[in-house]
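Peer 1: my questions concern the predicted model and sequence given below.
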There are 2 protein chains.
Amino acid sequence: MAVMFERVALLGLGLIASSMALGMRRSGLAGSITGHARSAETRDVAMELGLVDAVFDSAAEAVVDADLVVFCVPVGVMGDLAAEVAPNLKPGALVTDVGSVKNAVVQAIGPHLPDNVHFIPGHPLAGTEHSGPRSGFASLFKNRWCLLTPTGETDPAALQKLTDLWLALGAKVDTMDAEHHDLVLAVTSHAPHLIAYTMVGVADDLKRVTESEVINYSAAGFRDFTRIAASDPTMWRDVFLNNKEATIEILGRFTEELFDLQRAIRRGDGQQLFDYFTRTRAIRRGIIEAGQDTDAPDFGREHE
Amino acid sequence: MAVMFERVALLGLGLIASSMALGMRRSGLAGSITGHARSAETRDVAMELGLVDAVFDSAAEAVVDADLVVFCVPVGVMGDLAAEVAPNLKPGALVTDVGSVKNAVVQAIGPHLPDNVHFIPGHPLAGTEHSGPRSGFASLFKNRWCLLTPTGETDPAALQKLTDLWLALGAKVDTMDAEHHDLVLAVTSHAPHLIAYTMVGVADDLKRVTESEVINYSAAGFRDFTRIAASDPTMWRDVFLNNKEATIEILGRFTEELFDLQRAIRRGDGQQLFDYFTRTRAIRRGIIEAGQDTDAPDFGREHE
C-alpha cells in the first residue's frame, strides 16, 4: 500500500499504539513513526521492538513535523498533553485519539488546538486485557469497528483520510456524534466492565470460599468476567470518571432488571427466568452473524 | 485403556452426555453405551453420530443391566427420572449425575434409589454456550475440574471408580460436601450467569441504542457477556430455582459492592476505582497460573 502519512506521531505507546504501529509498518502506511511515552522502560521497549523510528520523552518534540498525531494515552491526561503539544503541531496536521469516551475528549483536547489543524476524535473498538508496548499485534483491528465522531465543522477530506487509515488497518468505520457514542459504549462496554470488576471483587472478598476454589473452579462463567476485569486500571478509572452520567444511568437500569430476576428466583417463577434467558440467547446469535465473535464451541481451546 | 464399565447408560443426550460418550469411546472406557432422550430428534442424532450403541425413549429401559448410570438432564426433571428408573437399576450399579447444583440433586434423586446401588453426585465444570447432542467433543473435560460430593456413607471403592472415570476423561477431580459446592458455584458460576443474562437483557431493552449498534459494537466487554448469556435456558432456569439461597446471597453482596463503586464514580473518586481494578486484575493472573484459561492476547482470534 502507498504511504498515507509521511510522519506519524503516537503519543502513548501501549496496546493500541503498538498495534497501530505494527499495522502501519506491515502495510507501509507511514513514512516514519515517532513515539512518546512518559516511562523510560516503555520508550526502550518501543525502540527495541522497532515500533517507532524515534522516541521522545517530550511529547512536544515527538509531534514536530507530524502529519498525523494520535493521542493513545488515558483520557484523564489528554488535556494536559494537548496543551503541551499544541504549539508544535504542523499546520494542516490531522489530530485524532483512541480514547474510550468521546465527549470528555472533545472537551479536553479541543480548546487547546490551533485552528489550522484537523481534530477528529476516534475510538477503535478493539482491545485485550493486556497493556503496554509488548501487547500489540498488527491484526488487533481486523474486522473490528472504529467509531469516529466528526462534527458539522469537520473537513470532509480530513475525515476521509482518517477513515482510509482505519480501513487500511483492517477496521470497519462508522461515524456518530460524541454524545451518542458515549451512550452506546456505556451499554456495550463501560457498564459491562464495571459489573465484571464488581463480580470479581465480590468473589475475592468472600471468606467462606477460598481463593484457590475461586481460581480453580472458574471455568463456568466467572472466567470470562476475570478476563474483562483484568483490563488496564488507569484506563478504566478514566473511562468511568469521564462517562459518568451514561454509565450511572445504564447501571441503574441494570440493577432494576437484576432485582426483578432476583425476585423471580425467590418466588420460584421459572417461566419468567426461562423467557428472559431465551431472549438473551437470540442476541448472541446476532453478534455471531455480525461477525463480531466466533461460534467455536470450545471457549477457544483447541479441538483434538 | 481398559474397559471400566461393561455397560453405561446416559440419561439425557446433550452437550455433557455427548462429550462423555465421545470421550469414553476414544479411550475404550465403556463396553457399550445406551442412551435415553425425550426428543426423537435427539435420539436420532445420537445414533447417527454413533454416540450410543442403542437408544431408548424410555429411561427405564435404557438403564437395564447398566453398571454406570449418568443423569445428564436438567436438574428440575432428575427427581421424576430417578423414580422412573429406580426399579430397573442393576444391583451394585454406580449412579451419578452432572447437574450444576448438588444439594437439590441429592434431595431429588436420593430418596428414589434402592439401597443396593451407589449414588455419588458429580459436576464437571465444563461447558460451552452450545447445547444438544451435536455440540459435544471428546476433549471438553480436558484439564477441567469435576467436583464429586460423596457423603460419610459413600462406598470408597465406588468413589474411586467414579474418580478414575473422570480422570480418564481428562478431568481433574476434587471432592467436597454438597452445600459447600453450591456456595462455591454460586460465586464462580451462578451469580455471574445471572448478571450476564441481566446485562444482555438491559442492552436489548434500550430504545435509544439500536439493536445493530449493540450487536456491532459489542467487541469491548459486552461480547463476553453475550457468550455467557447464550447458555441453555432450561438448564439455567433449573440452576437458579435449585440454588436459590446461595445465589440470592451472592447477588446481594454483588449489588452492595456495585453501589459502592457507582458512588465512587458519582463522586469522582478515582483512587477508589483504581485500587479496586488493580485488585481484580491480580485474580485474573491467578486463574491463568492455575491453567484454567490461556493468556492469549487476542481474545481467541488468530494471530497472523
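Peer 2: In hand now; what should we look at?
Peer 1: in CSV, list the C-alpha atoms belonging to stretch A:71-78.
Peer 2: Provided in CSV are the C-alpha atoms of stretch A:71-78 (Å, rounded to 0.1, in the frame of the first residue of the first chain):
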residue,chain,number,x,y,z
PHE,A,71,-3.4,10.5,21.3
CYS,A,72,-3.1,7.0,22.7
VAL,A,73,-3.0,7.9,26.4
PRO,A,74,-5.6,7.5,29.2
VAL,A,75,-8.4,10.0,28.8
GLY,A,76,-7.5,11.7,32.1
VAL,A,77,-4.2,13.1,30.8
MET,A,78,-5.2,14.0,27.2
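Peer 1: where along the stretch 51-200 of chain A do the helices fall?
Peer 2: Ranges of helices in the stretch 51-200 of chain A, per DSSP state H, counting those that start in this stretch, are A:59-62, A:78-85, A:103-109, A:156-168, A:178-185, A:191-205.
Peer 1: buried set for the longest one?
Peer 2: Read it as helix A:191-205. Using 16 or more other C-beta atoms under 10 Å in any protein chain shown as the test for burial, helix A:191-205 gives A:191-204. Using the backbone N, CA and C atoms, a C-beta is placed for each residue, glycine as well.
Peer 1: got the domain ranges for chain A?
Peer 2: A:5-176, A:180-289 (automatic domain parsing).
Peer 1: and the longest helix for chain A?
Peer 2: helix A:244-267 (DSSP state H).
Peer 1: average pLDDT across the host helix or strand of residue A:43?
Peer 2: Using DSSP states H and E, the secondary-structure element containing residue A:43 is helix A:40-48. Here helix A:40-48 scores 98 as its mean pLDDT.
Peer 1: also stretch A:250-265?
Peer 2: Summarised as a single mean, pLDDT over stretch A:250-265 is 95.
Peer 1: got the CA positions of it in PDB?
Peer 2: Taking C-alpha atoms only, stretch A:250-265 is exported to PDB below (Å, rounded to 0.1, in the frame of the first residue of the first chain):
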ATOM      1  CA  ILE A 250     -27.200   2.200  32.500                       C
ATOM      2  CA  LEU A 251     -26.200   0.700  35.900                       C
ATOM      3  CA  GLY A 252     -29.400   2.000  37.300                       C
ATOM      4  CA  ARG A 253     -31.300   0.200  34.600                       C
ATOM      5  CA  PHE A 254     -29.200  -2.900  35.200                       C
ATOM      6  CA  THR A 255     -29.900  -3.100  38.900                       C
ATOM      7  CA  GLU A 256     -33.600  -2.600  38.300                       C
ATOM      8  CA  GLU A 257     -33.700  -5.600  36.000                       C
ATOM      9  CA  LEU A 258     -31.400  -7.700  38.300                       C
ATOM     10  CA  PHE A 259     -33.800  -7.100  41.200                       C
ATOM     11  CA  ASP A 260     -36.600  -8.300  39.000                       C
ATOM     12  CA  LEU A 261     -34.900 -11.500  38.100                       C
ATOM     13  CA  GLN A 262     -33.800 -12.000  41.700                       C
ATOM     14  CA  ARG A 263     -37.400 -11.700  42.800                       C
ATOM     15  CA  ALA A 264     -38.300 -14.300  40.200                       C
ATOM     16  CA  ILE A 265     -35.800 -16.700  41.700                       C
END
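Peer 1: who touches that stretch?
Peer 2: A:186-187, A:190-191, A:194-195, A:269, A:272-273, A:276, B:194-195, B:197-199, B:201-202, B:205-206, B:240-241, B:244, B:247-248, B:251, B:255, B:258-259, B:262 (C-beta atoms under 8 Å, 6 or more residues apart in numbering or on different chains).
Peer 1: can you rerun that using 6 Å?
Peer 2: With C-beta atoms under 6 Å, 6 or more residues apart in numbering or on different chains as the test, stretch A:250-265 has contacts from A:186-187, A:191, A:272-273, B:198, B:201-202, B:240, B:244, B:251, B:262.
Peer 1: pick out the most distant pair among those.
Peer 2: A:186 and B:244 (31.4 Å; C-beta to C-beta).
Peer 1: which of these two has more neighbours?
Peer 2: residue A:186 (26 against 20; other C-beta atoms under 10 Å in any protein chain shown).
Peer 1: surely that one touches residue A:249?
Peer 2: No - using C-beta atoms under 6 Å as the test, residue A:186 is too far from residue A:249 to be in contact (7.2 Å).
Peer 1: point out where chain A drops to low pLDDT.
Peer 2: A:1, A:219-220, A:291-304 (pLDDT under 70).
Peer 1: do that again at 90, thanks
Peer 2: Under the criterion pLDDT under 90, the flagged ranges of chain A are A:1-2, A:126-131, A:188-189, A:196, A:199-232, A:279-304.
Peer 1: coming back round to it: which among the buried residues of helix A:191-205 gets closest to residue B:33?
Peer 2: For the buried residues of helix A:191-205, the nearest to residue B:33 is residue A:203 (37.3 Å; C-beta to C-beta).
Peer 1: secondary structure element holding the residue nearest to residue A:75 when sequence neighbours are not counted?
Peer 2: Nearest residue to residue A:75 in three dimensions, chain neighbours excluded: residue A:238, at 4.1 Å (C-beta to C-beta, 6 or more residues apart in numbering or on different chains). Using DSSP H and E, residue A:238 falls within helix A:233-242.
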